[in-house]
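Participant: sequence-free structure coming up:
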């Protein structure tokens, strides 16, 4: 499998894409206006202690207070389990915390007191006495060797995690990384003893540095950067972080590196609800704040042998694409996958194994719980930062994120009810000139004015409708109210004998030979204009009626 990193630099943000065999699997975006917060260490102040929730809110200097759960509070636990959080914290107390989950929506950040400071090969844990080895190092002899080195290197009373990049390195190489991290911790400790509260004690490096430190390993075939200064900075950093990797860094001369590699198109696809598979089957992603549902459909794929075989191969291909989309979209929380029903238990097992194998490429922790009695696959994925959709999009002001809005018929009915309310507010006026959105003006009037006539009978008033672009759908506004003659003279947008230019919108419904144009929702019935649909023409207004006017084409 070919693995590539692409870094695109613009004046406002830096983007990093991970490609596996040419397919986009991960996207990281760091805006210069809003730096990444995960990993930051703060001296905060306890604002509220909530025994009923076994949690506390910590002021770390952000707009919203951070959330600290009792399980994330470093403590010595007795035989009876954790104490009440009110016994461990008090309001006004200063506390050192690390941010592990960024603020999302209306929720503040999540913090812990078990601190971790990452290096190239090691992670120092100053507050716990523990040794861990990366799960990606599978050779047992190598794991034992690294564990012995870690036991010898770790500072007294502190913990240490051996990262994947440390595999095969000598004790001397690891010791240099340990010394760097230990000295960094000593600097953080000094900051904890002075200055105001809340205060930022440690801020992790920028996106480029984190990529080179955490992700850029020998498994990566190349790192392509489209900005010369960033390219030179990367080579400089690799002199310290990994000199043997410098040859894999390339400078792109393309104007748009993401477009050249097809990344922009794949980002657009990852923001869509429906994803098509090569076979013709498709996936549907419905994403909420804490739950994502993925639906698998055969679509255009009909197979070639039997139904069970078609279903199995659809689900197998879907499992691989779902794993990729989960990484790319950075979906966190509970994920429920509705695979197509499979009768064979062995087929279920193979689909489950395929999904599990693909998810092993994901550096974010996932947990597959298995199939439910309804045949739905349940899994979870740790959520630490906003999803791709939350980063790049915002809820529609019309549908408020549902993906749906009221139909025109429903909007028309709502406007109709609003007109009735407005009429009740004008009891003494004989006639009303009502402004509505042009999209529903004709629907309110109805064929031949029948709907408007019914409305007038109910309200016992004469009603004139005028289309106004600035009025939202389903709203109606009184433009003028008064006696019938005054409102009628005011309401008609044209005069008899007037010549004006209009666009023929459609043929007349009952007499297709004639054409229909509209002016502020008012209908212009153009004699013999049915063949001119889509064209702008000059017409002379003839006889006027309440909801429409007759017209002829000017020579």
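Facilitator: Looks like it arrived, so ask away. Keep in mind that this is a model prediction, so the values were computed, not measured.
Participant: wait, residue 504 sits on residue 527?
Facilitator: No: shown here, residue 504 and residue 527 do not form a contact pair, counting by CB atoms under 8 Å, at 11.7 Å. The way it works is simple: take the backbone N, C-alpha and C, and place the C-beta from them, glycine included.
Participant: more crowded one of the two?
Facilitator: Applying other CB atoms under 10 Å to residue 504 and residue 527 shows that residue 504 carries more neighbours, namely 22 against 16.
Participant: just the pLDDT for residue 81.
Facilitator: For residue 81, the model assigns a pLDDT of 56.
Participant: helices of the stretch 301-450 of the chain, start to end?
Facilitator: Remark: helices assigned in the stretch 301-450 of the chain by DSSP state H, counting those that start in this stretch are 307-329, 345-359, 388-392, 408-424, 438-445, 450-459.
Participant: and the third one, what's buried?
Facilitator: Applying a neighbour-count criterion of 16 or more other CB atoms under 10 Å, one finds 388, 389, 390 buried in helix 388-392.
Participant: list the contacts for the second one?
Facilitator: Shown in contact with residue 389 (CB atoms under 8 Å, 6 or more residues apart in numbering): 271, 287, 329.
Participant: between those residues, which is closest to residue 190?
Facilitator: Among these, residue 329 lies closest to residue 190 (CB to CB), at 41.4 Å.
Participant: do you know how far that closest one is from residue 295?
Facilitator: 15 Å (CB to CB, to the nearest Å).
Participant: more neighbours: which of the two?
Facilitator: residue 329 (19 against 16).
Participant: so that one sits against residue 388, correct?
Facilitator: Yes: checked against CB under 8 Å, the pair residue 329 and residue 388 is within contact range at 4.8 Å.
Participant: overlap of the contact sets of those two?
Facilitator: What both residue 329 and residue 388 touch, as defined by CB under 8 Å, 6+ apart, is the set residue 270.
Participant: thinking again about what came up before, looking at the buried residues of helix 388-392, which one is closest to residue 1?
Facilitator: For the buried residues of helix 388-392, the nearest to residue 1 is residue 388 (22.4 Å; CB to CB).
Participant: so who does the closest one touch?
Facilitator: 27, 267, 270, 271, 328, 329, 330.
Participant: switch to 10 Å and redo it
Facilitator: 26-29, 267, 270-271, 287, 325, 327-331 (CB atoms under 10 Å, 6 or more residues apart in numbering).
Participant: mind checking which of these are buried?
Facilitator: By 16+ other CB under 10 Å, those give 26-29, 267, 270, 287, 325, 327-331 as buried.
Participant: which one of those is nearest residue 72?
Facilitator: Set against residue 72, the nearest of the buried ones among the contacts of residue 388 by CB to CB is residue 330 (21.8 Å).
Participant: just the pLDDT at the residue nearest to the spatial centre of the chain, thanks.
Facilitator: Residue closest to the mean C-alpha point of the chain, counted by CA atoms, centre = their mean, is residue 389 at 1.3 Å. At residue 389, the model reports a pLDDT of 89.
Participant: can you give me the distance of it to residue 325?
Facilitator: From residue 389 across to residue 325, the span is 12 Å (CB to CB).
Participant: which neighbours do the two share?
Facilitator: What both residue 389 and residue 325 touch, as defined by CB under 10 Å, 6+ apart, is the set 270, 285, 331.
Participant: now for the second one, how many residues are close by?
Facilitator: Going back to what we said before, that points to residue 285. For residue 285, the neighbour count with other CB under 10 Å is 21.
Participant: who touches the strand or helix carrying it?
Facilitator: Assigned by DSSP states H and E, residue 285 falls within strand 282-287. Residues outside strand 282-287 that contact it (CB under 10 Å, 6+ apart) are 270-277, 292-301, 314, 317-318, 321-322, 325-326, 329, 331, 333, 335-338, 387-390, 401, 403.
Participant: contact partners for the closest residue to residue 280 other than its chain neighbours?
Facilitator: If you skip the residues right next to it in sequence, residue 280 has residue 300 as its closest partner in space, 3.3 Å away by CB to CB, 6 or more residues apart in numbering. Neighbouring residues of residue 300 by CB under 10 Å, 6+ apart: 276, 277, 279, 280, 281, 282.
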